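In: Build the 3D model from these lines:
(one chain, ligands or ions: 2)
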Amino acid sequence: MAARTCLAIVLAAGEGTRMRSARPKVLHEVAGRSLLAHVLTAVARIEPSATAVVIGPGQDDVAAEAERVLPGAACFVQRERRGTAHAVLAAKAAIKRGVDDVLVVYGDTPLIRPDTLRLLRAPLSAGAAVAVLGFRPAAPSGYGRLVTKNGELLRIVEEADAGANDKAIGLCNAGLMAFDGNSALAILERIGNRNRKGEFYLTDAVEIARGMNKTAVAVEVEEDDVRGINSKKELAEAEAVAQARLRQAALDAGVTLVAPDTVFLSADTTFGKDVVVEPYVVFGANVSVGDGAVIHAFSHLAGATIGNGASVGPFARLRPGTRLGEGVHIGNFVEVKEAKIEAGAKANHLTYIGDASVGAGANIGAGTITCNYDGFAKHRTEIGEHAFIGSNSALVAPVAIGAGAYVGSGSVITADVPADALALGRSRQAVKEGWASRLRALKSIGRKKA
Ligand code: UD1
Ligand code: CA
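Out: Numbers count the residues shown, from 1 in each chain. Ligands and ions are numbered 1, 2, ... in the order given. Next up is the predicted model:
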């Protein structure tokens, strides 16, 4: 039998009102990735025949995020926010094209896994018209309740409309539903808005399907897979679950996390073999760490590629555009941004390297600063291989230091330095013999005893 075709509809309309935020809810992040990106990534993994994303009017930022993550997805605008069923119908044109399964996923359930989506679709091929994911949250308040009888799903009652008996039900609606494509539209178009909120609830589909002599089933899954996010508290709870999963995956892949609970990862962090991560390290989005690298304590990394055997930190900050070659050392209180540092180069202490390239084997002394910004534009600093930059030097970009050149400590370098030259950009030292004794004689005091 041919695999059933599937239209996935991701509901993403709405502002961040309940999040107390100006940012749309689905653009909030968990593990360095937007809620919407998490959902779309999971959806893409089950290879639907088409994906529709329902956004609110003017939510170009949400559309752009959908486009970035899943370029094939079609966005549909829900003109007014009138409920989840109303949102699904914004994608009516896509449903009308005809598919075997219509899968509805809420954009605020970022922990969803592809296997859970597959599990939800399974009852449709067995003849169900509607399948609903259910779970038993530790705190059910706020979720719709699944009313069941002898294993059958009778209806879903929203929290706002629930009486005491319904509220006592522990089995809740996860916010993911699958519909048989043949009856999906007929069911959806019958949904009304006669409830406390005056919204078109997708959850009413269950009772309507039953009224049409069709079956609805609930598929129970773990809470962590389907946590919905309506508040900053729930966002933080989802973050904790995501972090626990990512740490476990890193440990399973052989990364040494000395104190796993203190390390924060992004959904896209990648590690080579035999990597060691010391306590209290934060990995922002888009970091890859090569084989045998060590990330020392209290470092913050984002948008960085770290070569094999490199050493980073403690207390290092790697910002986007950082590329460290093999065996590079970036030590304490060193910040790197938009810079390529070739194999074996070292910047061990108190340095800023921004908009720069550093050749292999170069040594950047303590306190070196690339002065990349003149108040208007950013400029580049090129440091050749095996160059030696003396401590406390300011390299005023645009400027190039040739291969093998030396820069004397404390220099302010404003002009290019040829290969193998010595550049000194500081005032010459003056020594005045006997000057201090003459001063003391004048003041009639002896040299202070230690
Ligand atoms: C919904 C369910 C509830 C379930 C919970 C799970 C309904 C009526 N209720 O409640 O049973 O327990 O999710 O997390 O479905 N959206 C739109 N347009 C709208 C309304 C919502 O696109 O008009 C989108 C939102 O962006 C969000 C999702 O649909 O991603 C769910 O909406 P939300 O308001 O969070 O629903 P809940 O009240 O959490
Ligand atoms: Ca929600």
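In: So Thr368 versus Asp355, what's the distance?
Out: 14 Å (C-beta to C-beta, to the nearest Å). In this view, the C-beta of every residue, glycine as well, is placed from N, C-alpha and C.
In: quick one, which of those two is more surrounded?
Out: More crowded of Thr368 and Asp355, by other C-beta atoms under 10 Å: Thr368, with 26 against 17.
In: In this structure that one contacts Phe388, no?
Out: No. Between Thr368 and Phe388 there is no contact under C-beta atoms under 8 Å: 10.6 Å.
In: Can you check which helix is longest in this structure?
Out: Secondary structure of the chain per DSSP state H: the longest helix is helix 232-252.
In: and it, what does it pack onto?
Out: For helix 232-252, the elements it packs on are strand 29-30, strand 256-257, judged by 3 or more C-beta pairs under 8 Å, 6 or more residues apart in numbering; DSSP states H and E.
In: List the neighbouring strands of the last one plus their orientation.
Out: Pointing back at strand 256-257 there. Take DSSP bridges as the rule and strand 256-257 pairs in its sheet with strand 276-277 (parallel).
In: What of the first one?
Out: Strand 29-30 pairs in its sheet with strand 33-34 (antiparallel), by DSSP bridges.
In: Tell me which residues are up against the partner strand.
Out: Val26, Leu27, His28, Thr41, Glu65, Pro110, Ser266, Ala267, Asp268, Ala285 (C-beta atoms under 8 Å, 6 or more residues apart in numbering).
In: One more pass at 7 Å, please.
Out: Residues from elsewhere that reach strand 33-34 (C-beta atoms under 7 Å, 6 or more residues apart in numbering): Val26, Leu27, His28, Glu65, Ser266, Ala267, Asp268, Ala285.
In: How far off centre is it?
Out: The chain centroid and the centroid of strand 33-34 are separated by 4 Å under C-alpha atoms, centre = their mean, to the nearest Å.
In: now the contacts of strand 33-34 in a markdown table, with pLDDT and distance to ligand 2?
Out: Putting the contacts of strand 33-34 into a markdown table (pLDDT from 0 to 100; distance: C-beta to the ion, whole Å) gives the following:
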| residue | pLDDT | distance to ligand 2 |
| --- | --- | --- |
| Val26 | 97 | 10 |
| Leu27 | 97 | 15 |
| His28 | 97 | 12 |
| Glu65 | 98 | 18 |
| Ser266 | 98 | 23 |
| Ala267 | 97 | 20 |
| Asp268 | 97 | 25 |
| Ala285 | 97 | 24 |
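In: from those residues, which are also near ligand 1?
Out: Val26 (C-beta under 6 Å from any ligand atom).
In: Kindly write the PyMOL command that selects the buried subset of the contacts of strand 33-34.
Out: This is the PyMOL syntax for the buried subset of those, where burial follows 16 or more other C-beta atoms under 10 Å:
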select buried, resi 26+27+28+65+266+267+268+285
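In: With respect to Ala184, which of the contacts of strand 33-34 is nearest?
Out: Proximity of those to Ala184, judged by C-beta to C-beta, is greatest for Val26, which lies at 23.0 Å.
In: for the residue in the stretch 251-400 of the chain positioned nearest to ligand 1, what are its contacts?
Out: Nearest residue of the stretch 251-400 of the chain to ligand 1: Ala267, at 18.6 Å (C-beta to the nearest ligand atom). Neighbour list for Ala267: Ala31, Gly32, Arg33, His38, Leu246 [criterion: C-beta under 7 Å, 6+ apart].
In: what about the third one, distance to ligand 2?
Out: With distances taken as C-beta to the ion, to the nearest Å, Arg33 is found 18 Å from ligand 2.
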